[in-house]
Every structure is written in structure tokens, then in C-alpha cells.
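> What follows is a protein structure lacking sequence information:
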């Protein structure tokens, strides 16, 4: 059991803001909780935006035999009316990857080419940087048109102690023509020794 928990990191963040509509009196908020390791990721957001409440989920698993990886993923962003399941299978060489992506959304299945770049850098004992970019080129068989989805992610970590880290995250997504981004400050707690 200790081996399973040794790589798990718990994370959370909280944001509160005044709504952009003066007629709405309740403040907007977002609460995020989740856990992650290099093989599994789960995140849930409880959000209120312009008086409407939403729950957003993202889950993925990753298997990395040698220079390959296989990642099934489930995303349900009720706040963006976006729900899909995606499978990514790629060959990885250093920081770069290329392979196949299959996506099921809106009762349609699409397949295409996926590419990515992932870089982690330890700046000093307390500061690290992580940058990821993924793109997928899909072709709709029904209408013969191409679509390019992409995700960008930048994370700066400040290590406060051996187990506690303060993280700044910028997350940009353009999936199925729905573009959104987030900038967050949150905490991560490492469960291992």
C-alpha cells in the first residue's frame, strides 16, 4: 500500500470573484480538489459562474512501456458544455512525442494524428518549471473537414517543505472549437516519504 501512496500528490485550490453581471448578487467561486501521480490523474471542480453551478471532472491513466505511452482520458466540463473520451497512443523520444488519437464526443468517433512536447526543469532546490503542449489533428469523415485541438500547460512550483508545494498553473485548451484557459495558485501535498 505504501508503494501506491508514495507517488500520489494531493492538490487543491480556491478562487472567488464578483460576477460580471451586476444583477447577480451571489459571488462566483471555484473549488478544485484532486490527486495525481505519473500514472493517474483525477481532478474535480465545483464552480459557480454568473449564478449557475457546475461540476467539472477530468480523469486519465497513463501506461509508459519504454519509449511509448498509452493514455485513456475522460473529460466532462459542464461549465463549457464539453464532454469527451479520448485515447492517445504515442511514441516518445526525449521531450517530443507523436502518435494516434481517437476521440468520442457528441455521439461521433474521430481519429487522427497527435503530437506533443513535455519539459520539466529543476531551477534550484526549491523552484521547478513544467511546460507541456499537445496537439491533435482530426478529420471528420462525414464532412471531410479538419480540426486541430490543442492544450498548453505551464506550471511553476515553489517547494515550501519536503511535502508541501505552492503551485502557479496556467492551463490553455482549445478542444472541439471550445477555447478556455485558467490561471490558478494552489497547494500540493506529497503523500510519500
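Cool, got the structure. Just so it is clear, the model here is predicted, and its values are computed rather than measured.
> Next up, phi/psi of residue 20, please.
Per-residue torsions, residue 20: phi -70, psi -10 (degrees, to the nearest 10).
> Can you give me the pLDDT of it?
For residue 20, the pLDDT comes out at 75.
> Next, the contact list for it, please.
residue 50 (CB atoms under 8 Å, 6 or more residues apart in numbering). (Glycine included, C-beta is placed from N, CA and C.)
> how near is it to residue 51?
11 Å (CB to CB, to the nearest Å).
> which element is the residue in the chain sticking out farthest from the centre on?
Most distant residue from the mean C-alpha position of the chain: residue 23, 32.7 Å away (CA atoms, centre = their mean). Taking DSSP states H and E as the definition, one finds residue 23 inside no helix or strand.
> what's near enough to touch it?
Contacts of residue 23 (CB under 8 Å, 6+ apart): none.
> With residue 156 as the reference, measure out to it.
From residue 23 to residue 156 the distance is 37 Å (CB to CB).
> Look up phi and psi at the residue farthest from the centre of the chain.
Per degrees, to the nearest 10, the backbone of residue 23 is at phi -80, psi -20.
> Tell me the spacing between it and residue 29.
18 Å.
> Point out where the chain drops to low pLDDT.
Within the chain, the stretches with pLDDT under 70 are 1-6, 141-143, 193.
> all helices of this protein, in order?
Assigned by DSSP state H, the helices in the chain fall at 2-6.
> ok, now which ones touch the spatially closest residue to residue 41 that is not a sequence neighbour?
In space, and not counting its chain neighbours, residue 41 is closest to residue 60: 5.0 Å by CB to CB, 6 or more residues apart in numbering. Residue 60 sits next to 40, 41, 71, 72, 73, 74 when contact means CB under 8 Å, 6+ apart.
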